[in-house]
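**Student:** This is a predicted model, with the sequence first.
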Amino acid sequence: MATETSTHHSSGAPPEEAGEAPGVPDPVLSEIAVALFHIRRVWGKPDLMKRIRAQTSGGPGGRPLQLSNLMVVHAVAALTVECTGKGEVTVGAVAERLEIDPSTASRLVGHAIDAGLVSRRPSPNDARRANLGLTDAGRRVKQVAERFRRAYLAELMTEWTPDERAVFARLLSRFADAVAQSPPMDLDGVDKIFEEAAAD
């Protein structure tokens, strides 16, 4: 419990402002933290990637599909829809979408191109930029990934009523928006956890 309390304090918000009495962990927040930890462990397992690989063709040279490839595919697909008639899908846009630095985005996009999932065409507006798009293989990977994700969620929520699903979707979206506005922790936050644990 001490670790969870320290994690919460690392955000800089006093316990009283978060509805938590000083030194007394909120059991609801603790339960949420544990649930999120378990979700992260489950979703971090390679099963999904194995299933997607089994139903999609490999890239040039038989390169295996990587999670980073999937991230880039979804980012390029979403940006393509958003930019229709408005502009181009650039590496910089992918960086913003994935919330990573441009150099990392350039490397990941390069890997996705090498895997045959993303195409790169010269920009007609700026020769220094590339206009990105999905290849047929990239669209196939996106479709398979989305199908597996929907099937997995449907299986998990078989016993849920339509109202429960709707409420959960609304609250989870609200929570995700809050997380996007305030990332959970940086390296300084991790250091504070160990500092406070050592001081106890």
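**Tutor:** Cool, the structure landed. Numbering: from 1, shown residues only.

**Student:** so Phe168 sits right up against Leu156, yeah?
**Tutor:** No - using C-beta atoms under 8 Å, Phe168 is not in contact with Leu156, being 10.7 Å away. Backbone N, C-alpha and C define where each C-beta goes, glycine included.

**Student:** Look at these two and report which has more neighbours.
**Tutor:** Using other C-beta atoms under 10 Å, the more surrounded residue of Phe168 and Leu156 is Phe168, with 12 against 9.

**Student:** Does the residue nearest to that one when sequence neighbours are not counted belong to a helix, a strand or coil?
**Tutor:** Ranked by C-beta to C-beta, 6 or more residues apart in numbering and with sequence neighbours excluded, the top spatial neighbour of Phe168 is Trp160, at 7.4 Å. At Trp160 the chain is in coil, as set by DSSP: H, G, I helix; E, B strand; the rest coil.

**Student:** what's around Trp160, how many residues?
**Tutor:** 14.

**Student:** Phi and psi next, for it.
**Tutor:** For Trp160, the backbone dihedrals (degrees, to the nearest 10) come out as phi -80, psi 140.

**Student:** try Ser103
**Tutor:** Torsion angles at Ser103 (phi, psi; degrees, to the nearest 10) stand at phi -70, psi -40.

**Student:** how near is it to Gly110?
**Tutor:** Counting by C-beta to C-beta, to the nearest Å, the separation of Ser103 from Gly110 is 11 Å.

**Student:** which of the two has more neighbours?
**Tutor:** Per other C-beta under 10 Å, whichever of Ser103 and Gly110 has more neighbours is Gly110, with 14 against 10.

**Student:** That one and Gly87: what is the separation?
**Tutor:** 21 Å.

**Student:** need the next SSE after the least confident helix or strand in the chain by mean pLDDT, C-terminal direction.
**Tutor:** Of all the helices and strands that make up the chain, helix 2-9 has the lowest average by mean pLDDT, DSSP states H and E, namely a mean of 39. Where DSSP states H and E defines the elements, the next helix or strand beyond helix 2-9 is helix 27-43.

**Student:** List the buried residues of that following helix.
**Tutor:** By neighbour count on 16 or more other C-beta atoms under 10 Å, the buried set for helix 27-43 is 29, 33.

**Student:** Other residues contacting the host helix or strand of Glu96?
**Tutor:** Using DSSP H and E, Glu96 sits within helix 91-98. With contact meaning C-beta atoms under 8 Å, 6 or more residues apart in numbering, helix 91-98 is reached by 71-72, 75-76, 78-79, 83, 101-102, 104-106, 108-109, 129-130, 132.

**Student:** one more time with 7 Å
**Tutor:** Outside helix 91-98, the residues that touch it by C-beta atoms under 7 Å, 6 or more residues apart in numbering are 71-72, 75-76, 78-79, 101-102, 105-106, 109, 130, 132.
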